[in-house]
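Asker: could you look at this predicted model? Sequence included:
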Amino acid sequence: MNRRFAAVLVPLLALSLAACTGDDDQPVDPKAALVASTAGLKAGNYSFTATLPGDSTAKGTMHTPSKTASLDFDTVQEGTKGKIQFRIAEPVRYVKMTMDMSEATKQAESLAALGDDPQSAKVVESLKAMIELFSGKNWLKLDAAKVTNDDFKVGIEDPDLTGAAGLFGGIATAERKGSVITGTLDATVVKDDSHLLGTSVFKGADPAQAKAIPYEATLDDDGRLTKLVLDVPKTTDAPAGKVTVEVSGYGAAAKQDAPPAAETKDAPESAYAMINGMN
């Protein structure tokens, strides 16, 4: 979850001593302004919504005062709709996954009809575990030490669920007009997938295009990021299109509740095997 900002923090420090926009003490340089705009995200008291190419959406809330957070994805994979939901009530993390498993159910029933064939029986057991995992019936309590898949390492250690702060480490060009900053950025600086704007958003993109992603960032009167639009090229999992992230409620987010105890259970070992196998 670490992000490297050395390339931008040094000039930002110099600018903070000598360059301001006047009364509001905001950086004049647009690159420095973009970096400074993520301070509210890194403070961790806000909500956001997002849309991504391929009809996927997301929403989240980070409330560091209570050490709680939520992150929900609605995804479309190969025409199949699914939902992945995270709840964090530090130190406990929960996930719930819901997907249409009708085809897997049919396969399990067909194999079970073959009788006592040992190989078929093993496959049926695996299918049943997968069907249960994606049933959406329960929240699974995760042991973070057993999770190796970055997609499932959502936590409050880095309060910027959006990943904008890390992405802004790759700003190549920036031009400001009023509250809007436009330019290009290098998305290859992103090295993990534990944020919304993680590696999977850019996976399989043409390398040259990935190094020059057009963006438009809107800041509020306090210099905080309120909207980010990226023009993302075609990737492994999605067509070319816009990624839009809108941030609101700085300093006014609500505490996120843990799932009801009656709806939770410890994640079985089979769940960790499948989650980590999604890498």
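Answerer: Structure's in. What do you need?

Asker: and the next helix or strand past the helix or strand of the chain with the lowest mean pLDDT?
Answerer: Here the helix or strand of the chain ranked lowest by mean pLDDT, DSSP states H and E is helix 6-18, holding a mean of 33. Next along the chain after helix 6-18, taking DSSP states H and E as the criterion, comes helix 30-36.

Asker: and that next one, which residues are buried?
Answerer: Residues of helix 30-36 classed as buried: Pro30, Lys31, Ala32, Ala33, Leu34, Val35, Ala36 (neighbour count, 16 or more other C-beta atoms under 10 Å). Every residue, glycine included, has its C-beta placed from N, CA and C.

Asker: counting contacts, what elements does whatever helix or strand comes next after that helix pack onto?
Answerer: Once helix 30-36 ends, the next helix or strand along the chain (criterion: DSSP H and E) is helix 39-43. Helices and strands touching helix 39-43, by 3 or more C-beta pairs under 8 Å, 6 or more residues apart in numbering; DSSP states H and E, are helix 164-167.

Asker: what's the first helix or strand after the helix it packs on?
Answerer: Reading on from helix 164-167 to the C-terminus, the next helix or strand found by DSSP H and E is strand 171-177.

Asker: please name the strands paired to that next one in the sheet, noting orientation.
Answerer: Using DSSP bridges, the strands paired with strand 171-177 are strand 180-185 (antiparallel).

Asker: next secondary structure after the strand it pairs with?
Answerer: Using DSSP H and E, the helix or strand that follows strand 180-185 in sequence is helix 199-202.

Asker: how about that next one as CSV, C-alpha atoms only?
Answerer: Extracted C-alpha coordinates of helix 199-202, given in CSV (Å, rounded to 0.1, in the frame of the first residue of the first chain):
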residue,chain,number,x,y,z
THR,A,199,-3.2,-1.6,-11.2
SER,A,200,-6.2,-3.5,-12.4
VAL,A,201,-7.8,-0.3,-13.8
PHE,A,202,-4.8,0.0,-16.2
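
Asker: point to the residue nearest the middle of this protein.
Answerer: The residue lying closest to the centre of the chain (C-alpha atoms, centre = their mean) is Leu196, at 1.9 Å.

Asker: hang on, it packs against Asp158?
Answerer: No. Counting by C-beta atoms under 8 Å, Leu196 stays clear of Asp158, with 11.8 Å between them.

Asker: would you work out how far apart the start and end of stretch 31-40 are?
Answerer: 17 Å (C-alpha to C-alpha, to the nearest Å).

Asker: and whichever strand or helix holds Ser110, what does it pack onto?
Answerer: In the assignment (DSSP H and E), Ser110 maps to helix 102-112. Counting contacts by 3+ C-beta pairs under 8 Å, 6+ apart, helix 102-112 is packed against helix 118-133.

Asker: next, the angle from the helix it packs on to helix 102-112.
Answerer: 150 degrees (axes from the mean of the first three to the mean of the last three C-alpha atoms, to 10 degrees).
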